[in-house]
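J.: Starting from these lines, generate the structure:
(one chain, ligands or ions: 1)
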Amino acid sequence: MTLWEGRFDSGPAAELWRFTVSLHYDRRLATDDLAGSRAHVRGLARGGILSESDAGILVAALDRVEEELATGVFIPGAGDAGAGDEDIHTAIERRVTEIAGDVGARLHTGRSRNDQIATDLRLFAKRSLLEMSSRLVDLQSVLLSRAQSAFADEVYLPGYTHLQRAQPVLLAHHLLAHGWALARDVDRLFDARRRLDVSPLGAGALAGSSLPLDPDGVAAELGFSATFDNSLDAVSDRDFVAESLFVLALIGVHLSRIGEELVLWTSDEWGFATLDDAYATGSSMLPQKKNPDIAELARGKSGRLVGNLAGFLATLKGLPLSYNRDLQEDKEPLFDALDQVGGGVSALTGLLATVAWDADRMRAAADTPAAAAVDLAEWMVERGMPFRQAHATVGGLVRDALQRRVPLAELVAAHPALGDGALELLEPGVAVTRRTSPGGAGPVPVAAQLRRFAQALEGQRVRLAGA
Ligand code: ARG
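T.: Here you go, the predicted model:
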C-alpha cells in the first residue's frame, strides 16, 4: 500500500519500488517509531484533535503491534510494488489500521514521515550512543585491570617513536595511553548525545500545522530535553548523524591503532604477546599458524567507518532545505558504524582480557644499553653540563660503540664526564624507574595515573547511570 494513492492514477513501478524501499533496514527503528506514535497520539488528544476514546484505541493498537512484532505475529514486508510496506512507518500504520479499523486513519493527523523519521532516528541514536559508551567503559575496565597487574609485576617494554626503540616505559603506562583515548571517546559520545537530544515531532512535513499540536508535551513524553525551534531545520537536520559517524569513526581509528600494535606484538619478530586460543584464528593450510584476525579487522574496519562519515557528508552537502529523499541515506551508514564498532569493541575487550604478555621478551627488548642514552645525558646535566653538549657526548659514545663493536658500558666507564658512577644507569630495569616527572612512564607517576584513571572510569559509570 502507498500512502499517497489519492493523487495518483497508477501504482508505483517495480523499479521505483525496489530502488526506494527502506523497510529492510528501517525496520530496526520499529520500537522508536511506536514510541513516537504513542506520544503523538496523546499529544493530539491533549489538543482535542482526537477524542480520548480514539486515542485509547490507537494507543492500544500500537501496543498490540509492538507485541506482534516481538512475537513474530506481525512481519512487515516490502512485497511487490505498492502491495507491501515501503518503510517501517507505513508498515506500522497499516497494521494499526487493520487492528483499529477506521480510527487507524486518524493516526497520521498533523504528522509527516519527515518529522516522524527524524524523531525515530534521534531516539535510536540517543539509546545507541549510550550503549556504545557502556561498551567502551567495559573495554577501559579491562585495560585498567591489565594495567594494574602489569604495574604490580613491574613489566616494562620499549616505548617507540618512529617505530624505533626510544625509551623504556611501563606496560601499564602503554595500556593506559589507549585507555585515555577511549575515555575521550566516551566524552564525545555524551557530547554528541546532548546535542541531538531535541524532538523534531510537530514540524510536520516542513512547516508545522494548522492543528493545535503540542510539540513540547510530546518531546517531554519521549524524554527529549528540548523541542525544535524551526520546523525546516527540524526535518532537514542530520548533523547528529554526521557527528555520531565522526565519533564512531574516531573510535574505530583508536581500535585500529590498538589492533596494529597487537598485530606487531604477537608476531614472532616482537614476541611480546600471545593470544588466547579463543581470540585467535588458525590457517586452513598452514598448521602452525595462530593469527590475530580480531586485531586485523579492528584495523581494517576503520576504513569503512571513515568512508561512512565521508560518504554521508557528501550526501548532505548539496541539499536544499528541507526534507529530501537523499536523507534516507542516513540510516545504513549509521547502523553499519554502530554494528561494526560495537562488534570491534566487544571482541577487543575479550582479546585484551585474555592475551598473555611475554614480560621477559618485553624487558629484554627494553634493556638494550642504548635505551638509557638520554639517562646518561641527564646524569651529566644534573652535574652541570649543558644538555646539548651532553646529548652530543652520549651520541658520540653510542656511535663509537657501534663502529668499534665495544660495549657501551666500557666507553661510559672510561669517559671522564661519566665513569663508573654512571654505569648503574645501564643496568636492566633502571632506566624506566627514572621517568619520575608527572604523567611520565615510570613507577612513581604511573601509580598516580592508575588512581586517576580509575577515578575517571568511575566518573563515566556515574554518568552512564544518570543518563
Ligand atoms: N524512508 C524515509 C526516510 O528514511 C522516510 C521519510 C519519507 N518521507 C517522504 N516524504 N518520502 O527518510
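
J.: Around the ligand, pick out the residues from the stretch 301-450 of the chain.
T.: 323, 325, 327-328 (Cβ under 6 Å from any ligand atom). Yep, even glycine has a C-beta here, placed from its N, CA and C like the rest.

J.: Contacts only, for residue 135.
T.: Residues counted as contacts of residue 135 (Cβ atoms under 8 Å, 6 or more residues apart in numbering) are 342, 345-346, 349.

J.: which one of these is nearest residue 447?
T.: residue 349 (24.8 Å; Cβ to Cβ).

J.: Which pLDDT value does the model give the closest one?
T.: Note on residue 349: pLDDT of 98.

J.: that older thread, of the contacts of residue 135, keep whichever come out buried.
T.: Buried subset of these (neighbour count, 16 or more other Cβ atoms under 10 Å): 342, 345, 349.

J.: Could you report the distance from the first one to residue 22?
T.: Per Cβ to Cβ, to the nearest Å, residue 342 is found 22 Å from residue 22.

J.: So residue 329 is in contact with residue 308, correct?
T.: No: in this structure, residue 329 is not within contact of residue 308 by Cβ atoms under 8 Å, at 10.6 Å.

J.: Could you list the residues in contact with the helix or strand containing residue 395?
T.: Residue 395 is part of helix 387-404, with elements assigned from DSSP states H and E. Helix 387-404 is contacted from outside by 369-370, 373-374, 376-378, 380-381, 385, 406-408, 410-412, 415, 417, using Cβ under 8 Å, 6+ apart.

J.: hmm, 10 Å instead?
T.: 369-370, 372-386, 406-412, 414-415, 417-418, 422 (Cβ atoms under 10 Å, 6 or more residues apart in numbering).

J.: Same question for that helix: list its buried residues.
T.: Applying 16+ other Cβ under 10 Å to helix 387-404 flags 390-391, 393-394, 397-398, 401 as buried.

J.: rewinding a little: now intersect the buried ones among the contacts of residue 135 with the helices, please.
T.: 342, 345, 349 (DSSP state H).

J.: Of the buried ones among the contacts of residue 135, which is the nearest to residue 292?
T.: Nearest member of the buried ones among the contacts of residue 135 to residue 292, counting by Cβ to Cβ, is residue 349, at 15.1 Å.

J.: Give me the distance between that closest one and the ligand.
T.: The spacing between residue 349 and the ligand, counted by Cβ to the nearest ligand atom, to the nearest Å, is 33 Å.

J.: Same question for residue 286.
T.: Residue 286 is 47 Å from the ligand, by Cβ to the nearest ligand atom.

J.: my read: residue 119 touches residue 202, true?
T.: Yes: because the distance of 9.2 Å satisfies Cβ atoms under 10 Å, residue 119 is recorded as touching residue 202.

J.: so what's in contact with those two at the same time?
T.: 40, 111, 218-219, 228, 234.

J.: Once you drop chain neighbours, what's closest to residue 291?
T.: Excluding the flanking residues, the one nearest residue 291 by Cβ to Cβ, 6 or more residues apart in numbering is residue 281, at 4.8 Å.

J.: How many neighbouring residues does the one you found have?
T.: 14 (other Cβ atoms under 10 Å).

J.: and it, what pLDDT?
T.: pLDDT at residue 281 comes out at 93.

J.: Please report how far the closest residue to the ligand within the stretch 201-350 of the chain lies from residue 232.
T.: As assessed by Cβ to the nearest ligand atom, the ligand sits closest to residue 328 within the stretch 201-350 of the chain, at 3.6 Å. Distance, residue 328 to residue 232, by Cβ to Cβ: 18 Å.

J.: now the helices: where do they sit in the stretch 301-450 of the chain?
T.: Using DSSP state H, counting those that start in this stretch, the helices found in the stretch 301-450 of the chain span residues 331-354, 359-366, 373-382, 387-404, 408-414, 420-423, 430-433, 443-466.

J.: Same check on the stretch 101-250 of the chain?
T.: 113-152, 171-196, 215-221, 231-236, 239-265.

J.: would JSON lines of the ones you listed with mean pLDDT be doable?
T.: Below are the helices of the stretch 101-250 of the chain laid out as JSON lines (pLDDT from 0 to 100):
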{"stretch": "helix 113-152", "mean pLDDT": "98"}
{"stretch": "helix 171-196", "mean pLDDT": "98"}
{"stretch": "helix 215-221", "mean pLDDT": "98"}
{"stretch": "helix 231-236", "mean pLDDT": "98"}
{"stretch": "helix 239-265", "mean pLDDT": "98"}
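
J.: Select, out of these, the one closest to residue 465.
T.: helix 113-152 (10.0 Å).

J.: The residue lying closest to residue 448 once chain neighbours are set aside: neighbour count?
T.: Distances taken as Cβ to Cβ, 6+ apart put residue 438 closest to residue 448, at 7.7 Å, once the chain neighbours are dropped. Here the count is done by other Cβ under 10 Å, and residue 438 has 8 residues near it.

J.: Just the pLDDT for residue 438.
T.: 97.

J.: Then residue 19?
T.: 95.

J.: ok, now which ones touch it?
T.: residue 13.

J.: So it versus the ligand, what's the distance?
T.: Counting by Cβ to the nearest ligand atom - residue 19 and the ligand are separated by 12 Å.

J.: Quick check: phi and psi on that residue?
T.: Backbone torsions for residue 19, taken as degrees, to the nearest 10, come to phi -80, psi -30.

J.: Repeat that for residue 274.
T.: Dihedral angles (degrees, to the nearest 10) for residue 274: phi -130, psi 130.

J.: next one: the one 10 residues further on
T.: Dihedral pair for residue 284: phi -70, psi -20, per degrees, to the nearest 10.

J.: going forward, begin numbering at 33 instead of 1
T.: Okay, residue one is now 33; in that scheme the one you just asked about reads as residue 316.

J.: ok, residue 294 touching residue 380?
T.: Yes: counting by Cβ under 10 Å, residue 294 touches residue 380, with 8.3 Å between them.

J.: Pull up the overlap in contacts between those two.
T.: 311, 326-327, 330, 387.

J.: Of the residues you listed - the most surrounded one?
T.: residue 327 (30 neighbours).

J.: and that one, what does it touch?
T.: Residue 327 neighbours (Cβ under 10 Å, 6+ apart): 287-288, 290-298, 305, 307, 311-312, 376, 379-380, 383-384, 387.

J.: try 6 Å
T.: With contacts defined as Cβ atoms under 6 Å, 6 or more residues apart in numbering, the neighbours of residue 327 are 291, 294-295.

J.: Please apply the same query to residue 132.
T.: Taking Cβ under 6 Å, 6+ apart as the test, what residue 132 contacts is 89, 93.

J.: Could you tell me how far it is located from residue 146?
T.: 24 Å.

J.: Same check on residue 172?
T.: On the measure of Cβ to Cβ, residue 172 and residue 146 end up 39 Å apart.
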